[in-house]
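> sequence isn't available, so here's the structure alone:
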């Protein structure tokens, strides 16, 4: 009998705490597949952040450092500079990366640190109960924007993948989604690209992965999945925004 | 190595870090500590080390966290306001049991305050400056030589106890030039860093973290940290005794204040008064026993600080019950550094 599908070596055989319909588990798997693909599990160090992504070490079978909220790119900088032969990635949510950690992500990227950043954008603070995030869409109701995000007062949602692409230090920046098979295969390809950039020493690579948060959006998983493809993809366009190999 | 040099205290810190094997420095410019990053930005690249001028104090301390988690000797330095910003990271490092050396060439405050010599960061340093309840080891040099010696010691203590160590100075000991006799790093037996992340290879997964959510886990973790603090109190208290054996009044002072106080004590002795000086070198662990022992006999302690009274609380908790503890201090700022004559008047007042 031929085995055609298996769990990536870099993922543990455990249940996750993620809610039904959440995309974190799928994104975890794609990251693990990329690590396996390049055979770097044994020298990979993950940097966990604060939020739903904090349990990285419970699900990935790799060494992990837990970072303070938003500081993962600075922690990753310290790890990578101390161990330049390791493969270092951060895994951060939107509140973590695009609000409290904006300074750390911009400057790590601008220095061109040889790390990979996986940025999961679900337009809300998931772990703390669905508050307004820097990526919450205009008009979106959350527990701290009960009347909907008001652009005049709250600003517009940040498009991080495009923003990162502007920085000289960034070698690769892409936005992906995992809401359909087609998007998932594209996401898999771009996450692999992001890791390949690091493995080949080509510089800082950034992946923004759109993700559903059915619990905090007050939707069932199917409706939440649909929202990723409609409302979110309308504002957060999928695509590769920078790829130095093509420049 | 036995050559006598004439260097600034801040340079002595940087030289000691290099000699101690520190090859990773992360920092942000702030007066009066900038000589440290300037020296290391020049020297570390020659040694295949890494110097990063970070975008912020917060990034600096987290780069230190990352490098320490990867098992290397690393350091950051700053001053008052910058150290406040680092407290989040220091709390995480404490919770994650990470070594690392943090130098505070403190400023006067609160707020932006000024750049004059100050001991107003005593509470912040020794009582756990960030959230969650923890301690770090705090060393208080009072000379350029001690800036060198205690920085070197800081790296060993950090590795032995797996916790952050702070060298707490100010602009007097940081900016002043004095004679320094550099020396080799002492041969100290250090525990293996079998907890550091390295890419797991064929071994077990390693995780550096401070989150403990399981039933009873966090309590157990805190008791473990607490037990280390008790060991520190037994094993690592350091202080200097000067003329305390027959003293009828003992002056307590640390760091730069102790230099001025020492002159005042000598003047008092010359005037025929039996006065001594007890100078804590470790502020945490605080040398409680030294104060307890000296006040078995001598019942008057005059605590002198460059603030309105911080270490005096620890002195009061340490002395024998019937000893009297007096305090003299001035809030730090331009023109507020006391003279030896001024301190001698205080000694006379309480003698």
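Everything's here; your move. Values in this document were obtained by computation on a predicted structure and should not be read as measured data.
> what sits against the residue in the stretch 201-350 of chain B that chain A sits nearest to?
At 3.7 Å from chain A, residue B:209 is the closest residue in the stretch 201-350 of chain B, using CB to the nearest CB. Bear in mind the C-beta positions are built from the backbone N, C-alpha and C, glycine included. By CB atoms under 8 Å, 6 or more residues apart in numbering or on different chains, the residues touching residue B:209 are A:48, A:57, A:64-66, B:96.
> now, among those, which is nearest to residue B:119?
residue B:96 (29.0 Å; CB to CB).
> quick check: that closest one vs chain A, distance?
Separation of residue B:96 from chain A (CB to the nearest CB, to the nearest Å) stands at 7 Å.
> now that residue: closest residue in space that isn't a chain neighbour?
Of all residues not flanking residue B:96 in the chain, residue B:210 sits nearest, at 4.6 Å (CB to CB, 6 or more residues apart in numbering or on different chains).
> gap between the one you found and residue B:135?
15 Å (CB to CB, to the nearest Å).
> out of the two, which sits in the busier spot?
Per other CB atoms under 10 Å in any protein chain shown, whichever of residue B:210 and residue B:135 has more neighbours is residue B:135, with 21 against 18.
> pretty sure the more buried one sits against residue B:284.
Yes. At 5.3 Å, residue B:135 and residue B:284 qualify as touching, with contact defined as CB atoms under 8 Å.
> intersection of neighbour lists for those two?
With CB under 8 Å, 6+ apart as the test, residue B:135 and residue B:284 both reach B:126, B:232.
> let me see the contact set for the residue nearest to residue A:40 when sequence neighbours are not counted.
In space, and not counting its chain neighbours, residue A:40 is closest to residue A:87: 4.6 Å by CB to CB, 6+ apart. With contact set as CB under 8 Å, 6+ apart, residue A:87 has these partners: A:35, A:38, A:40, A:43-45, A:116, A:195, A:198-199, B:199.
> out of these, flag the one nearest to residue B:214.
Set against residue B:214, the nearest of these by CB to CB is residue A:45 (23.8 Å).
> nearest to chain B: which residue in chain A?
residue A:78 (2.5 Å).
> host element of the closest residue to chain A within chain B?
Residue nearest to chain A within chain B: residue B:66 (2.5 Å; CB to the nearest CB). If you go by DSSP states H and E, residue B:66 is part of helix B:57-69.
> and that helix, how far out from the chain middle?
From the chain centre to the centre of helix B:57-69 is a distance of 19 Å (CA atoms, centre = their mean, to the nearest Å).
> give me the three-state assignment for the residue of chain B most remote from its centre.
Residue farthest from the centre of chain B, counting by CA atoms, centre = their mean, is residue B:202 at 39.5 Å. Assigned by DSSP: H, G, I helix; E, B strand; the rest coil, the conformation of residue B:202 is coil.
> which residue packs closest to it, ignoring adjacent ones?
Residue B:202 sits nearest to residue A:42 (CB to CB, 6+ apart), 6.9 Å away.
> that neighbour reaches residue B:199, doesn't it?
Yes. In this structure residue A:42 lies within contact range of residue B:199 using CB under 8 Å: 5.6 Å.
> just to revisit the earlier point, per-residue confidence for the residue nearest to residue A:40?
Here the pLDDT value assigned to residue A:87 is 98.
> got phi/psi on it?
Here is the backbone geometry of residue A:87 (degrees, to the nearest 10): phi -100, psi 120.
> same deal with residue A:192?
Note on residue A:192: backbone dihedrals following degrees, to the nearest 10 are phi -60, psi -40.
> I figured it hits residue A:35, correct?
No. Under the criterion of CB under 8 Å, residue A:192 makes no contact with residue A:35, lying 9.7 Å away.
> the two: who's more crowded?
More neighbours surround residue A:35 than the other of residue A:192 and residue A:35, with 29 against 18 (other CB under 10 Å).
> how much space between the nearest residue to residue B:113 once chain neighbours are set aside and residue B:53?
What sits nearest to residue B:113 in space, not counting adjacent residues and going by CB to CB, 6+ apart, is residue B:107, at 5.7 Å. Using CB to CB, we find residue B:107 at a distance of 19 Å from residue B:53.
> neighbour count winner among these two?
More neighbours surround residue B:107 than the other of residue B:107 and residue B:53, with 27 against 13 (other CB under 10 Å).
> and that one, what pLDDT?
Here the pLDDT value assigned to residue B:107 is 94.
> look up phi and psi at it.
Residue torsions, per degrees, to the nearest 10, at residue B:107 are phi -110, psi 170.
> next up, the contacts around it.
B:30-32, B:79-81, B:113-116, B:118, B:170-171.
> let's see 7 Å
Counting by CB atoms under 7 Å, 6 or more residues apart in numbering or on different chains, residue B:107 makes contact with B:79-80, B:113-115, B:118.
> cool, residue A:99 as well?
Contact partners of residue A:99, counting by CB under 7 Å, 6+ apart, are A:133-134.
> count of residues packed around the closest residue to residue A:69 other than its chain neighbours?
In space, and not counting its chain neighbours, residue A:69 is closest to residue A:50: 3.9 Å by CB to CB, 6+ apart. Residues contacting residue A:50 under the criterion other CB under 10 Å number 22.
> what of residue A:159?
Residue A:159 has 18 neighbouring residues, counting by other CB under 10 Å.
> do the one 4 residues further on as well
Here the neighbour count serves as a burial measure; for residue A:163 (other CB under 10 Å) it reads 19.
> count of neighbours near residue B:331?
There are 14 residues near residue B:331, going by other CB under 10 Å.
> touching, it and residue B:306? I think so.
No. With contact defined as CB atoms under 7 Å, residue B:331 does not count as touching residue B:306 (8.3 Å).
> show me the strands in the stretch 101-250 of chain B, by range?
With strands called from DSSP state E, counting those that start in this stretch, the stretch 101-250 of chain B shows them at B:137-139, B:164-170, B:177-180, B:207-208, B:239-242, B:249-252.
> mind putting those strands in CSV, mean neighbour count and mean pLDDT included?
Formatted as CSV, the strands of the stretch 101-250 of chain B follow (neighbours: other CB atoms under 10 Å in any protein chain shown; pLDDT from 0 to 100):
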stretch, mean neighbour count, mean pLDDT
strand B:137-139, 27, 98
strand B:164-170, 29, 98
strand B:177-180, 16, 98
strand B:207-208, 25, 98
strand B:239-242, 18, 98
strand B:249-252, 28, 98
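> report the beta-bridge partners for the residue nearest to residue A:40.
Listed by DSSP bridges, the beta-bridge partners for residue A:87 are residue A:44.
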